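Undergrad: Quick one, fold the following:
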Amino acid sequence: MTETTTPARQPSTWRIVLAAILDFFTAFWIFGFIVASVSGGRTEDGFSVQGMPAVLVFALIVAYFLVFNRFLGGTIWKRILRAKR
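TA: A predicted model of the protein is given here:
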């Protein structure tokens, strides 16, 4: 008895690109708001980060992509849009 397995279908490219864009904006807004709240960068219109707080936001965004993709099986929007490779 031989079992034939069909290769897993790859997600469409538009899903992967859309998930990456939405992940970036989501991470930017969440981490930016948190860092701005802690560092005093909140404004009436949202937040403003400059200097070291901006570097921290960038580092958190990079860590978000690395940790979620490597250890948690995909980012939030990749899971929602079923765009995991």
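Undergrad: So which residue is dead centre in the protein?
TA: Asp23 (3.3 Å; C-alpha atoms, centre = their mean).
Undergrad: quick one, helices of this structure?
TA: Remark: helices assigned in the chain by DSSP state H are 13-39, 52-71, 76-80.
Undergrad: tell me how far the shortest one is from the chain's mean position?
TA: Shown here is helix 76-80, whose average C-alpha point lies 9 Å from the average C-alpha point of the whole chain (C-alpha atoms, centre = their mean, to the nearest Å).
Undergrad: do the longest one as well
TA: When C-alpha coordinates are averaged (C-alpha atoms, centre = their mean), helix 13-39 and its chain have centres 5 Å apart.
Undergrad: what helices or strands is that helix leaning on?
TA: strand 46-47, helix 52-71, helix 76-80 (3 or more C-beta pairs under 8 Å, 6 or more residues apart in numbering; DSSP states H and E). The way it works is simple: take the backbone N, C-alpha and C, and place the C-beta from them, glycine included.
Undergrad: Could you identify which of the ones you listed is most buried?
TA: helix 76-80 (a mean of 17; mean count of other C-beta atoms under 10 Å).
Undergrad: Give me the residues contacting it.
TA: With contact meaning C-beta atoms under 8 Å, 6 or more residues apart in numbering, helix 76-80 is reached by Ile16, Leu18, Ala19, Ala20, Leu22, Asp23, Thr26, Phe68, Asn69, Gly73, Ala83, Lys84.
Undergrad: For the residue lying closest to the last one once chain neighbours are set aside, which residues are in contact?
TA: It stands for Lys84. Distances taken as C-beta to C-beta, 6 or more residues apart in numbering place Gly74 nearest to Lys84, at 4.5 Å, with adjacent residues excluded. Applying C-beta under 8 Å, 6+ apart, we find Gly74 in contact with Phe68, Ala83, Lys84.
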